[in-house]
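# Mind looking at a prediction? Sequence and model below.
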Amino acid sequence: VCIGRIGCDDVGRPDGPDADTFLAARVEVPRVLERHHCIGRVQAADHMPDDRTSQLVIRGVRPDEHCAVGELVVGAYRDGGHLQRDEGYGVHLADVAGRADEHPVLVAERDGVLVGTVTICPPGTSHSKDARDDEVEFRYLGVAQEAWGTGVADALVAACDEWAREAGADAIVTTSKDEV
């Protein structure tokens, strides 16, 4: 499915000079553009966990949670197999305090326990790598392994989309790679 700025031919396949480099994919929120042709693994739960029905709260991170959120996102990347060749990226991921002053960092909390996080990177900010002026990028999306398959990532991406809409952005983008 082609969405966003990537050109499409008349049957909906990526077309144009960036077609071999970029891939547009729908991810529950139709305004998400995913760049790079490696999308990574999708982890699915074997069964529907009971805590899917528990209330999930999406909110901004508090300064006293920076360390815990850093550990959460590093654990999520490691559990997903995305830090196998960690050439310092784990330290970068863990530095929530270093990005929270300039970027909204959201957390997902269920029953008082942090289960997910994402960082919103408006264009022109230090962690925005791919967003154009009319887009908002999200990065460092991580969900605790015990919450995989329970809708946490969907809720965090939806919160990014809502933030982007309120900021007047035309799209949200993210970059994903098989290995970091």
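Thanks, I have the structure now.
# Residue 108 bridge partners, please.
Counting by DSSP bridges, residue 108 is bridged to residue 58, residue 116.
# number of nearby residues for it?
Using other CB atoms under 10 Å, residue 108 is surrounded by 26 other residues. From N, CA and C alone the C-beta is placed, and that goes for glycine too.
# Please report the distance of it from residue 147.
Note on residue 108: its distance to residue 147, by CB to CB, to the nearest Å, is 8 Å.
# For those two, list the residues in contact with both.
115, 116 (CB atoms under 8 Å, 6 or more residues apart in numbering).
# And the pLDDT at residue 176?
You'll see residue 176 listed with a pLDDT of 77.
# all strands of this protein, in order?
With strands called from DSSP state E, the chain shows them at 32-35, 56-60, 105-110, 113-121, 135-143, 171-175.
# now for these, which one comes closest to residue 82?
Residue 82 sits nearest to strand 135-143 of all those, at 9.5 Å, using CB to CB.
# how about the strands of the chain in JSON lines, adding distance to residue 160?
Below are the strands of the chain laid out as JSON lines (distance: least, CB to CB, whole Å):
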{"stretch": "strand 32-35", "distance to residue 160": "8"}
{"stretch": "strand 56-60", "distance to residue 160": "10"}
{"stretch": "strand 105-110", "distance to residue 160": "7"}
{"stretch": "strand 113-121", "distance to residue 160": "6"}
{"stretch": "strand 135-143", "distance to residue 160": "4"}
{"stretch": "strand 171-175", "distance to residue 160": "6"}
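# Mean pLDDT lowest where, among those strands?
Mean pLDDT is lowest for strand 32-35 among the strands of the chain, at a mean of 41.
# on that earlier part again, nearest to residue 158 among the strands of the chain would be which one?
Judged by CB to CB, the one of the strands of the chain that comes nearest to residue 158 is strand 56-60, at 8.2 Å.
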